[in-house]
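In: Pasting a predicted model and its sequence here:
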Amino acid sequence: PHHLLSQMKVVSLFSGCGGLDLGLEQAGHEIILQCESDPGAQQVLRNHFPGVLLCPDVCALQNLPKETELLAAGFPCVDVSRAGLRKGLSGQSSGLVRHVFRLLDRAIK
């Protein structure tokens with residue numbers, strides 16, 4: 001059993017169908033915002049995480065909520081995967097990781 005003081009408020013970027021979020025929730029943390037662009041995955045998130053704010057575009061997300069204590073981000077790996085396009089972090093999909101750093105940078109200022 002977790003101690004109530006260990007609960008963190010979590011923002012999830014590139015949430016997919018919410019597997020990481022589910023584990024964090026089961027560990028006692030609270031998902032306060034999810035960001036996912038895929039419509040099918042959004043439907044799964046809405047069903048499994050009712051009431052959680054869902055942002056469809058990480059590029060449009062200006063700031064993390066002030067109460068954010070943990071940022072989870074399973075960013076697209078297609079451009080860095082050995083089986084993928086190998087364009088690196090400058091690739092169109094994997095390059096979206098820059099928004100993780102942008103949001104973190106804004107949060108600490």
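Out: Noted; the coordinates are in hand.
In: Just give me the residue right at the centre of this structure.
Out: Nearest residue to the geometric centre of the chain (Cα atoms, centre = their mean): L13, 1.6 Å.
In: Would you mind giving both backbone torsions of the residue nearest to that residue when sequence neighbours are not counted?
Out: Setting aside the residues directly before and after it, L13 is nearest to A73 in space (Cβ to Cβ, 6 or more residues apart in numbering), at 4.1 Å. In short, each C-beta sits where N, CA and C put it, glycine included. The phi/psi pair for A73 (degrees, to the nearest 10) reads phi -150, psi 110.
In: Render the CA-only coordinates of the lowest-mean-pLDDT helix or strand in the chain in CSV, please.
Out: Every helix and strand in the chain was compared by mean pLDDT, DSSP states H and E; the lowest is helix 98-108, with a mean of 79. Taking C-alpha atoms only, helix 98-108 is exported to CSV below (Å, rounded to 0.1, in the frame of the first residue of the first chain):
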residue,chain,number,x,y,z
ARG,A,98,11.3,19.1,-28.0
HIS,A,99,7.9,20.0,-26.6
VAL,A,100,8.6,18.0,-23.4
PHE,A,101,11.7,20.2,-22.9
ARG,A,102,9.8,23.4,-23.8
LEU,A,103,7.1,22.7,-21.3
LEU,A,104,9.6,21.8,-18.6
ASP,A,105,11.6,24.9,-19.2
ARG,A,106,8.5,27.1,-18.9
ALA,A,107,7.5,25.3,-15.7
ILE,A,108,10.8,26.1,-13.9
